[in-house]
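Asker: predicted structure and sequence below. I'll ask about it afterward.
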Amino acid sequence: MSPVACDRRVLALTLTLLAPPALLATASCARTHADDTSSPPAGVATGPSRAPADSVTLSDSQLHSISTARVAERDFPIERQALGNVDFNQNLTAAVSPPYAGRIVATFADLGAQVSKGQALFSLESPDFIAAQSSLIAALATYEQTTSALERARSLYASQGIDQNDYETAVANQHSAEGAVRAARRALAVFGQSEADIARIESHRTVERALVVRSPLAGRVTTRNAAPGLYVQPGNQPAVFAVTDTSSVWLIAQVTEADAPGFKVGQPLRVSVSAYPHREFSGRIVALGSALDPNTRRLMVRSEIKDPKHELIADMFASFVIAIGEPRHGPAVPVSGVVREGDGTFSVWVVDGDPHRFTRRTVKVGLTHDGYDEITEGIRAGETVATEGALFLSNILFGGAS
């Protein structure tokens, strides 16, 4: 051995013996860099310019700070999020207006009340209603008179007591009176009178002053613009009453122009509201807007949600998660096991044979769902990775911890 080489070995041995314990502990974390020529596991794409992975070896005490697990495959739904609000199901809402113009006499249901089909909502005093009843009573009287006249004419015509022209006149009068009765009945039915109401008018032959307006469906009173003495007319807005079947509601979301092409009628969605922070309501898209809002550049997405317990209230703010495609299936790593590097890339730490040895591997991250990242490149199912303490391993590699 040359004198120079001998002097270098003596110097190295001296520095090792004089090194502080902390430095020796740091040195125990073996690091391999560009000179590491180990190959990645089979099936892992590395790219043409990928550098060999870095590794660290932990002591027994350091290993206690790390949790590991085998990589398994999971489903990652393809979803979009949006904000919106709850609304009444307008397809199950009836605007209740009076069939005749008139003045309200009394109201029988308050705002928010649950009513049954046919239940009285308010009563109305209307000259038109009185005239329609009178027309039916008069038509019935005429029909009875012409029917009696036709019976006499038929008897006389059979005995040649009248000529054919008189008999045909009696027949025509009876047919005309019969048509007038049918028209009077239909007029009352069109304006909300049931068959029982009409039969009562016909049997009693009396005119009722007040018209009772009833609910056309079972539901909740969602609009009330009625008060005794108020003069109302058919079709005027706002409606006197509105009744809505609240067993289902609409949820209206506004989605961005970029996301709009991904939405289709029938897609499922999940909805959460602040009133029930630990619950989700499910439904499906039932309608899409035909155009973007020119001010917000967003598309209306309307879904229908079953709400048999009537928990969702109109105008509640809601958060929507809408599935716009079939879920993807692939390797999944807990979010805590994926480290975002300073250059924007992502990496995970893989157990490299020896349970004390971890190798840093660059990966590509896809979707995130339920606390897991989808790994689209760089790892495969069955490999063991650090799930807790990945950042600690990175700190060791770059000198931030021992």
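Answerer: Noted; the coordinates are in hand. In this text the structure is predicted, and so the values were computed from the model without any measurement.
Asker: surely Phe122 meets Ala106?
Answerer: Yes. Phe122 is in contact with Ala106 according to C-beta atoms under 8 Å; the separation is 6.6 Å. (C-beta placed from N, C-alpha, C; glycine too.)
Asker: so for the two, which residue has more residues nearby?
Answerer: Counting neighbours by other C-beta atoms under 10 Å for Phe122 and for Ala106 shows that Phe122 has the greater number, 25 against 14.
Asker: quick one: contacts for the nearest residue to that one once chain neighbours are set aside?
Answerer: Distances taken as C-beta to C-beta, 6 or more residues apart in numbering place Thr107 nearest to Phe122, at 4.5 Å, with adjacent residues excluded. Contacts for Thr107 (C-beta atoms under 8 Å, 6 or more residues apart in numbering) come out as Leu121, Phe122, Arg224, Ala226, Ala227, Pro228.
Asker: measure the second one to Arg224 for me?
Answerer: If I follow you right, that is Phe122. Going from Phe122 to Arg224 by C-beta to C-beta, to the nearest Å gives 9 Å.
Asker: so what sits against both of those two?
Answerer: In contact with both Phe122 and Arg224: Thr107, Ala109, Val240, Phe241, using C-beta under 8 Å, 6+ apart.
Asker: grab the nearest non-local neighbour of the third one.
Answerer: If the residues on either side of it in the chain are set aside, Val240 comes closest to Ala226, at 4.8 Å by C-beta to C-beta, 6+ apart.
Asker: buried stuff in the helix or strand where Lys364 lies?
Answerer: Applying DSSP states H and E as the criterion places Lys364 in strand 357-369. Within strand 357-369, the residues scored as buried using 16 or more other C-beta atoms under 10 Å are Phe358, Thr359, Arg360, Arg361, Thr362, Val363, Val365, Gly366, Leu367, His369.
Asker: nearest to Lys264 among the residues you listed?
Answerer: Leu367 (19.5 Å; C-beta to C-beta).
Asker: so how far is Ala138 from the closest one?
Answerer: For Leu367 relative to Ala138 (C-beta to C-beta), the value is 76 Å.
Asker: quick one: the strand or helix carrying Glu326 to strand 357-369, angle?
Answerer: Assigned by DSSP H and E, Glu326 belongs to strand 317-334. Relative orientation of strand 317-334 versus strand 357-369 (axes from the mean of the first three to the mean of the last three C-alpha atoms, to 10 degrees): 160 degrees.
Asker: so how far is the next helix or strand after strand 317-334 off the chain centroid?
Answerer: Counting by DSSP H and E, the next helix or strand C-terminal to strand 317-334 is strand 339-340. With C-alpha atoms, centre = their mean, to the nearest Å as the basis, strand 339-340 stands 34 Å off its chain's centre.
Asker: next: stretch 82-101.
Answerer: Distance, centroid of stretch 82-101 to centroid of chain: 18 Å (C-alpha atoms, centre = their mean).
Asker: switch to numbering from 26
Answerer: Got it, the first residue is 26 from now on, which makes the last one we talked about stretch 107-126.
Asker: just the CA atoms of stretch 403-421, as CSV, please.
Answerer: The C-alpha coordinates for stretch 403-421 follow below in CSV (Å, rounded to 0.1, in the frame of the first residue of the first chain):
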residue,chain,number,x,y,z
GLY,A,403,-46.6,3.6,-11.0
ILE,A,404,-48.1,1.0,-8.6
ARG,A,405,-50.0,-2.2,-8.9
ALA,A,406,-52.4,-4.1,-6.6
GLY,A,407,-50.7,-6.3,-4.1
GLU,A,408,-47.7,-4.2,-3.4
THR,A,409,-47.2,-2.9,0.2
VAL,A,410,-47.0,0.9,0.7
ALA,A,411,-46.7,3.3,3.6
THR,A,412,-50.2,4.6,4.4
GLU,A,413,-49.2,6.7,7.4
GLY,A,414,-45.8,8.4,7.8
ALA,A,415,-45.1,8.9,4.0
LEU,A,416,-44.2,12.5,4.6
PHE,A,417,-41.8,11.4,7.5
LEU,A,418,-40.0,9.1,5.0
SER,A,419,-39.7,12.0,2.5
ASN,A,420,-38.2,14.2,5.3
ILE,A,421,-35.7,11.5,6.1
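Asker: quick check: buried residues in stretch 397-415?
Answerer: Here stretch 397-415 shows 397-404, 408, 410-412, 414-415 as buried, counting by 16+ other C-beta under 10 Å.
Asker: how about stretch 344-357?
Answerer: Buried residues in stretch 344-357 (16+ other C-beta under 10 Å): Phe345, Ile347, Ala348, Ile349, Gly355, Pro356, Ala357.
Asker: and stretch 87-106, by the same measure?
Answerer: Neighbour-count burial for stretch 87-106 flags Gln87, Ile91, Thr93, Val96, Arg99, Phe101, Pro102, Glu104, Arg105 (criterion: 16+ other C-beta under 10 Å).
Asker: just the ones in helices from those, please.
Answerer: In this view, the buried residues of stretch 87-106 that belong to helices under DSSP state H are Gln87.
Asker: so where's the stretch 26-175 of the chain uncertain?
Answerer: Low-confidence segments of the stretch 26-175 of the chain (pLDDT under 70): 26-78.
Asker: now do 50
Answerer: 26-77 (pLDDT under 50).
Asker: which parts of it are helices?
Answerer: Along the stretch 26-175 of the chain, the stretches classed as helices by DSSP state H, counting those that start in this stretch are 28-43, 46-52, 85-88, 152-183.
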